[in-house]
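>>> Return atomic coordinates for the entry below.
(2 chains)
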Amino acid sequence: RKEVEQDPGPFNVPEGATVAFNCTYSNSASQSFFWYRQDCRKEPKLLMSVYSSGNEDGRFTAQLNRASQYISLLIRDSKLSDSATYLCVVTGYSSASKIIFGSGTRLSIRP
Amino acid sequence: EPEVTQTPSHQVTQMGQEVILRCVPISNHLYFYWYRQILGQKVEFLVSFYNNEISEKSEIFDDQFSVERPDGSNFTLKIRSTKLEDSAMYFCASSEGGSLHNTEAFFGQGTRLTVV
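So this is what the prediction gives:
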């Protein structure tokens, strides 16, 4: 089983739509969770951390379900500029351990 | 805003040659990472580094690879004898705390390595 698994997409949705991505992770000892965004041929950039209680940042909502080892990202009222690859990131098996990236979900917003 | 810088942005090398990829992490960060991304594929962990030693490395990080923090500011990745399959984008990252402290990793813009 992959350490971090994501639906690769692509998701192709119209502007203004709501879209949701899911991610599962295999190691129950994982401590920290993030969503990163990667534009074509650019470096990954942090979109948001994912907290146990769930958290929201503007149009973006992230949720964590430790029991199911599942993370989600919801984007409301999508914009053309949201087109990117969204990377689920899981860390924390041990101190200064590796940060594991999912393979990413490609999102394309059409006008 | 502080950032991670990487040089060069693009390196072309002949198969079998040694290359050194350079990174300057954010100055107060303590944890450093190298990742690679083959075109069209996922971001893959290579190595993490803390307190002047390797903390963890992946199976990709074999004897051909080494890392060094030679002068307290630079963090380098050396590939001793490059192979065609080493062609990829190499990202350096740093974070203030380790992964248990829930601090984000900041990534450099990457070095595109092309082995011919």
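
>>> What distance do you get for the residue in chain A that chain B sits nearest to to B:E56?
Nearest residue of chain A to chain B (C-beta to the nearest C-beta) works out as A:T91 at 3.5 Å. For every residue, glycine as well, the C-beta is placed using N, CA and C. The spacing between A:T91 and B:E56, counted by C-beta to C-beta, to the nearest Å, is 11 Å.

>>> Please apply the same query to A:P10.
32 Å.

>>> Of these two, give the one with the bigger neighbour count.
B:E56 (20 against 12; other C-beta atoms under 10 Å in any protein chain shown).

>>> how close does the more buried one sit to A:K2?
18 Å.

>>> re the thing from before, and the residue of chain A closest to chain B, what pLDDT?
pLDDT for A:T91: 83.

>>> and it, how many neighbours?
Per other C-beta under 10 Å, the neighbour tally for A:T91 reads 24.

>>> beta partners for it?
In this structure, A:T91 bridges to A:S32 when assessed by DSSP bridges.

>>> my read: it touches A:Y25, true?
No. Contact between A:T91 and A:Y25 fails when scored by C-beta atoms under 8 Å: they sit 10.0 Å apart.

>>> Mutual contacts of the two, please.
Counting by C-beta atoms under 8 Å, 6 or more residues apart in numbering or on different chains, the residues touching both A:T91 and A:Y25 are A:F33, A:I100.

>>> and A:S28, what pLDDT?
86.

>>> Quick check: the nearest residue to it once chain neighbours are set aside vs A:S52, distance?
Leaving aside its chain neighbours, A:S28 sits nearest to A:Q69 (6.3 Å; criterion: C-beta to C-beta, 6 or more residues apart in numbering or on different chains). According to C-beta to C-beta, A:Q69 stands 13 Å off from A:S52.
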